[in-house]
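**Q** What would the 3D arrangement of this be:
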Amino acid sequence: MKKGIKKTIGQLHLWLGLGSGLIVFIAALTGSILVFEKEIDQLVNPQYYHVSSIGKTKKTIDYCTDVLQKEYGIKKISRISTFNDPSRTIQILGKDSDKKAQFFSVDPYSGKVLATTPQESRFFVVVLSLHRQLLLGDAGQLIMGSSCLIFVFMLISGIVLWWPKKMKHLKQRLTVKWSGSFKRINWDFHSTFGFYSFLVLLLISLTGLTFAFDWFQSGLYLVTEGTTKKTSLKVENPTKIDPKLNNTAFYQSIYNATDSIFPYNGNIQIRMPVDTINSITVLKEDVERIIPHQSSSAYFDKYTAKNIENRHFASYSKGDKLRRLMYPIHTGSVYGLPTKIIAFLVCLFAATLPITGLLIWLGRKKK
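**A** Okay, the predicted model is just below:
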């Protein structure tokens, strides 16, 4: 590579790194925490995940939601999560009269509320908002997404700058000279481990763009299907006016129907629409699959609980399947604990890159 081009890449690497360093540090640090979100939260807050004893029969889901409506003033149910594991609680998200979201853990065998907390004050909800939006809403998402895009360039340009002029110097670039000065160790640490973590960090960064930009999602469909048209995850509700049916087993009937439509062991999540147009979406995740988040979808009338449409995971298009792979790849959960550990370590390392990079710049500036 010509010296002038490499120098320009070096300048871009420097100044873009300095400009986005703080955001990259926040994203990497919060990302490393989120890798083990479920494990940490279950350890710290077991009452939200497991019952003290497993009973013989479960209460209906509607019995549990009625308890929340009567005893806790919940006016609207937003999401119900049930689990294949018999020791797990039912997790319900609902809104009170002030339209504030409350998170509940309910014993499915007794209907007793084991724990409750405002959704917005949950630790990992705050961390996730910081990770995706810097706690600033849409503006923060744009900033974070742009910094993620810059980080992709930083990774690629870093490899260009790391690459030795002569192959005989390759061995030197692959090791850290721990016996050297602090300045040398810092440079080696930044560049050498940057090389080793390059592919994993690139995958994490590229999949992160899926959650920041619609155009990146459209690009996935363009590559896999030759079109930017995405499959809608929603289905319009056929009933336009609430017939006020006396249905005392509304949620339970939806659960039972979904369990019959997709006859495999899995976790079921019922999602109520946030608008007045769309129907209820129910996801059933196949827990026996190696890769998580491989869910089939069923849609139900939000007034009558009648089944409208079903989409088996096997019938999804290549673009749909690829889009559903983005989350487990981004979080490192794609192949369980081994890939989670890798993601955790490289995210921690990524948090050090802005610091070691700044020290390299300060050292050169001083010189």
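**Q** contacts, neighbours, all on C-alpha from now
**A** Fine.
**Q** With only the CA atoms kept, save stretch 5-14 in PDB.
**A** Extracted as PDB, the C-alpha positions of stretch 5-14 are listed here (Å, rounded to 0.1, in the frame of the first residue of the first chain):
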ATOM      1  CA  ILE A   5      -2.800   6.300   1.400                       C
ATOM      2  CA  LYS A   6      -1.800   4.500   4.600                       C
ATOM      3  CA  LYS A   7      -1.000   7.900   6.300                       C
ATOM      4  CA  THR A   8      -4.500   9.200   5.400                       C
ATOM      5  CA  ILE A   9      -6.100   6.000   6.800                       C
ATOM      6  CA  GLY A  10      -4.000   6.500   9.900                       C
ATOM      7  CA  GLN A  11      -5.200  10.100  10.300                       C
ATOM      8  CA  LEU A  12      -8.900   9.000   9.900                       C
ATOM      9  CA  HIS A  13      -8.300   6.200  12.400                       C
ATOM     10  CA  LEU A  14      -6.900   8.700  14.900                       C
END
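**Q** Now do the buried residues in the helix or strand of the chain with the lowest mean pLDDT.
**A** In the chain, the helix or strand scored least confidently by mean pLDDT, DSSP states H and E is helix 170-173, which has a mean of 82. The neighbour-count check on helix 170-173 (16 or more other CA atoms under 10 Å) flags R173 as buried.
**Q** what's the closest non-adjacent residue to the spatially most central residue of the chain?
**A** Computing the C-alpha centroid of the chain and ranking residues by CA atoms, centre = their mean puts Y327 first, at 5.1 Å. Leaving aside its sequence neighbours, Y327 sits nearest to T207 (CA to CA, 6 or more residues apart in numbering; 7.3 Å).
**Q** Grab the nearest non-local neighbour of A257.
**A** Using CA to CA, 6+ apart and skipping the chain neighbours, the partner closest in space to A257 is N307 (7.9 Å).
**Q** What separation is there between that neighbour and L199?
**A** Separation of N307 from L199 (CA to CA, to the nearest Å): 44 Å.
**Q** swap in K7?
**A** From K7 to L199 the distance is 24 Å (CA to CA).
**Q** The closest residue to V35 other than its chain neighbours - how many residues pack around it?
**A** Nearest-residue entry for V35: T331, 5.4 Å, with adjacent residues in sequence omitted and distances by CA to CA, 6+ apart. Residues near T331, counting by other CA atoms under 10 Å, number 21.
**Q** same deal with L337?
**A** Neighbourhood size, L337 [other CA under 10 Å]: 13.
**Q** picking up where we left off before, beyond the least confident helix or strand of the chain, next helix or strand please.
**A** Downstream of helix 170-173, the next assigned helix or strand under DSSP states H and E is helix 182-196.
**Q** Return that next one as CSV; C-alpha atoms alone will do.
**A** What follows is helix 182-196, C-alpha atoms only, in CSV (Å, rounded to 0.1, in the frame of the first residue of the first chain):
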residue,chain,number,x,y,z
PHE,A,182,4.8,1.0,29.1
LYS,A,183,4.5,2.9,25.8
ARG,A,184,5.5,-0.3,23.9
ILE,A,185,3.2,-2.6,25.9
ASN,A,186,0.3,-0.2,25.4
TRP,A,187,0.9,-0.1,21.6
ASP,A,188,1.2,-3.9,21.4
PHE,A,189,-1.8,-4.4,23.6
HIS,A,190,-3.9,-2.1,21.4
SER,A,191,-2.8,-3.5,18.1
THR,A,192,-2.1,-7.1,18.7
PHE,A,193,-5.2,-8.0,20.6
GLY,A,194,-7.1,-5.8,18.2
PHE,A,195,-6.0,-8.2,15.5
TYR,A,196,-7.0,-11.3,17.5
